[in-house]
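**Student:** Got a predicted structure here, sequence first:
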Amino acid sequence: MFDLGWTELMVIGVVALIVVGPKDLPGMFRTVGQFVGKAKGMARDFSRAMNDAADEAGVSDVQKTIKAATRPLNTAMDEVKKSTDSFTKQTMESGKPKLDPARQEKADKIAQKSAEVATARKAEEAKAAEAAAKPAAAKKPAAKAAKAPAKPAAKPAKKPTSTAATKAASKTTAKAKDKA
């Protein structure tokens, strides 16, 4: 309705401050706020009354019919979705189809046998893990006692490799030759 930005509201506030004065400004803003609240309430009541009257007259049914007539493809798709949803619901509620007794017996035997094989495999893996852990644990203390840690040999001192050290060494060699 009214398109007021922050700058317009600021201008209105400054003008109100000048015209009304700082003493009466809070009272004026309170009165304006109450008036705006009453106006919004009246507009809300009017809108609600119009919607109620339209619902009583059956305008919403006519509106739905008009929308359906203007978009027949969407209406048809809505009906297809409803039918597939109901079909999906029915099939999901029925659950898993039951087997005949002979097939059910075979399925139970297969499930039992595979469970037995799985437990046997797990037991074998556990035994293999234990067997692998025992020799490794037994070998470690014996290996430590048999092998004494060898001390590393002392490394010879390296010659200086920097250029400054090389130049200093050559100067001292040259001085020694000059003295001799």
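**Tutor:** Arrived safely, thanks for sending. Numbering: from 1, shown residues only.

**Student:** What is the burial count for residue 54?
**Tutor:** Around residue 54 there are 13 other residues, counting by other CB atoms under 10 Å. All C-beta spots, glycine's among them, are computed from the backbone N, C-alpha and C.

**Student:** and the strand or helix carrying it, what does it pack onto?
**Tutor:** According to DSSP states H and E, residue 54 maps onto helix 25-57. When contacts are defined as 3 or more CB pairs under 8 Å, 6 or more residues apart in numbering; DSSP states H and E, helix 25-57 packs onto helix 6-20.

**Student:** between the helix it packs on and helix 25-57, what angle do the directions make?
**Tutor:** Helix 6-20 runs at 130 degrees relative to helix 25-57, counting by axes from the mean of the first three to the mean of the last three CA atoms, to 10 degrees.

**Student:** what's helix 6-20 packed up against?
**Tutor:** Applying 3+ CB pairs under 8 Å, 6+ apart, we find helix 6-20 packed against helix 25-57.

**Student:** picking up where we left off before, return the distance of whichever helix or strand comes after the helix holding residue 54 from the chain's centre.
**Tutor:** Using DSSP H and E, the helix or strand that directly follows helix 25-57 along the chain is helix 59-70. Mean C-alpha position of helix 59-70 versus that of the full chain (CA atoms, centre = their mean, to the nearest Å) differs by 42 Å.

**Student:** report the angle between the axes of the helix or strand that helix 59-70 is followed by and helix 59-70?
**Tutor:** Counting by DSSP H and E, the element after helix 59-70 in chain order, helix or strand, is helix 72-94. Going by the same axes, to 10 degrees, helix 72-94 is angled at 100 degrees with respect to helix 59-70.
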